[in-house]
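1. make a model of this:
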Amino acid sequence: MTAPTVNRPADAGETLLTVEKLTLRFGGLTSLNEVDLTLRQGEILAVIGPNGAGKTSLFNCLTGVYVPQEGAIGFVKADGSTVQLVSGPARRRRSPKPHAVNKAGIARTFQNIRLFPALSAFENVKIAAETRQHTGPVGAMLGLPNARRNEKTSDAHTEELLRFVGLEAVENELASSLSYGVQRRLEIARALATGPRLLLLDEPAAGTNPTEKHELEQLIRRINAELGVTVLLIEHDMKLVMSVADRVTVLNFGKVIAEGSPEVVQRDPAVIEAYLGSAEEDTGGADEEPQP
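-> Presented below is the predicted three-dimensional model:
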C-alpha cells in the first residue's frame, strides 16, 4: 500500500515545538503552571497524568482555543520559519485562531469525537482535504479547469487516507452509523487530510476495545514512520503509551513532575504515586478541564 503524502520533516530530530513557562489560570485555579516541553521532529511524545492534571488544557493552548496568561509557544513550519502561537504583553496576549494553527501545520483529534454525523466517512475526510486547495468560490461555481483538477486531487487524497486507516470499505456509510473505534480512526484520517507536521491525539483509545487499541497502536506507529508526522499524544491507557512513545512527560496539578523515556518514567516514584498507581486512572476516565 502506498502511503498518502503528508508534510514529511526534512531534518528528523530538529526541534519542532517549544513550550516555555506556559501558565494558564481560570480565576483562582491554575490549570497549567510554568510548563516546559520540547518536541523534536519525527518523534512520538506522550503526555500523561491524573484527571484534571492539565493535559487537555495544554492541547487547547497549542491549538488556539485557550490563551495562556504567561509563557511562550513556538512552532516550526514546513518552510523553516517559526510561528509564535502565543504573543503579546500580559494584558493583550493573543493566539492564532484554531484554523490558522491548522494552516501552520498542527492538527488534532478530541476526547469527544467531533465528526459530522450526517455526512459519510468519505465526505468527512474530503472536507478536511479541501482545506489544502485554493479554488475560489467563482471557480468552484463555474466548474473551471483548475477547480475540476482540485476536486480530483482532493478526492484522490481522501481515498488514499481512507485506505491508509483501513476504512475504504465504509467510505459511503454515515459517520453516525459507524462503531466507536471506527469513528476514532475516521477522525484521525480527517486530521491527517489537512497535511499536518504535528498531530495531536487527545485520548484516541478512549472507549475502544482491546482489538481496537492494538489496531490504534499500529496506526500511530505507521503515521509516524510512513508519513513522517510527529505525534503528541494524551492517553490514559498506559500499555498503549509505553508501547508507542519515544518520550513521556508527566503532568500533575498543572506542573511537569517527570519526563524521559517510558522505562525511566514508569519507575519514577513521583509518577507511581501521582498516576500509575492510581485506581481512578485505571478506569480510563475523561480528563475534565475547567471552562474559562
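
2. buried residues, the longest helix anywhere in the chain. List them.
-> With DSSP state H setting the assignment, residue counts place helix 145-164 as the longest helix in the chain. In terms of neighbour count (16 or more other CB atoms under 10 Å), helix 145-164 has its buried residues at 147, 150-151, 154, 157-164. Every C-beta, even on glycine, is put in place using the N, C-alpha and C of the backbone.

3. likewise for stretch 258-268?
-> Of the residues in stretch 258-268, those buried (16+ other CB under 10 Å) are 258-259, 262, 265-266, 268.

4. what bridges to the residue nearest the centre of the chain?
-> What sits nearest the mean C-alpha location of the chain, by CA atoms, centre = their mean, is L200, with 1.3 Å. Note on L200: beta-bridge partners R108, L232, judged by DSSP bridges.

5. what about it, distance to G27?
-> L200 is 26 Å from G27, where distance means CB to CB, to the nearest Å.

6. what does N172 give?
-> Where G27 is concerned, N172 sits at a distance of 48 Å (CB to CB).

7. find the pair from the buried residues of stretch 258-268 with maximum spatial separation.
-> Taking CB to CB, the two most distant members of those are E259 and Q266; they sit 12.3 Å apart.

8. circling back: flag whichever of the buried residues of helix 145-164 scores worst on pLDDT.
-> Lowest pLDDT of those: A147, 63.

9. one step back: out of the buried residues of stretch 258-268, which one sits closest to V47?
-> Taking those together and measuring to V47 by CB to CB, the closest member is E259, at 9.5 Å.

10. strands paired with whichever strand or helix holds the closest one, and their directions?
-> Using DSSP states H and E, E259 sits within strand 255-260. Applying DSSP bridges, strand 255-260 is found paired with strand 247-252 (antiparallel).

11. and R132, how many neighbours?
-> 14 (other CB atoms under 10 Å).

12. if you could redo that for V170, that was the one I meant.
-> Neighbour count of V170, defined by other CB under 10 Å: 19.

13. excluding chain neighbours, what is closest to it?
-> In this structure, V170 finds its nearest non-sequential neighbour in A121, 5.4 Å apart by CB to CB, 6 or more residues apart in numbering.

14. what about the strands in the chain?
-> Taking DSSP state E as the test, the strands found in the chain are 15-26, 29-40, 44-48, 70-76, 82-84, 106-108, 198-202, 230-234, 247-252, 255-260.

15. contacts for the first one next, please.
-> In this case it means strand 15-26. Applying CB atoms under 8 Å, 6 or more residues apart in numbering, the external contacts of strand 15-26 come out as 9, 30-41, 54, 57-58, 61-62, 66, 68-76, 86, 197-198, 230, 232, 254, 290-292.

16. so which bits of it are buried?
-> Taking 16+ other CB under 10 Å as the basis for neighbour counts, the residues of strand 15-26 that come out buried are 16-19, 22-25.

17. now, among these, which is nearest to T109?
-> For T109, the nearest member of these is L17. The distance, counting by CB to CB, is 17.0 Å.

18. look up how far L232 lies from the closest one.
-> Shown here: L17 relative to L232, a distance of 7 Å by CB to CB.
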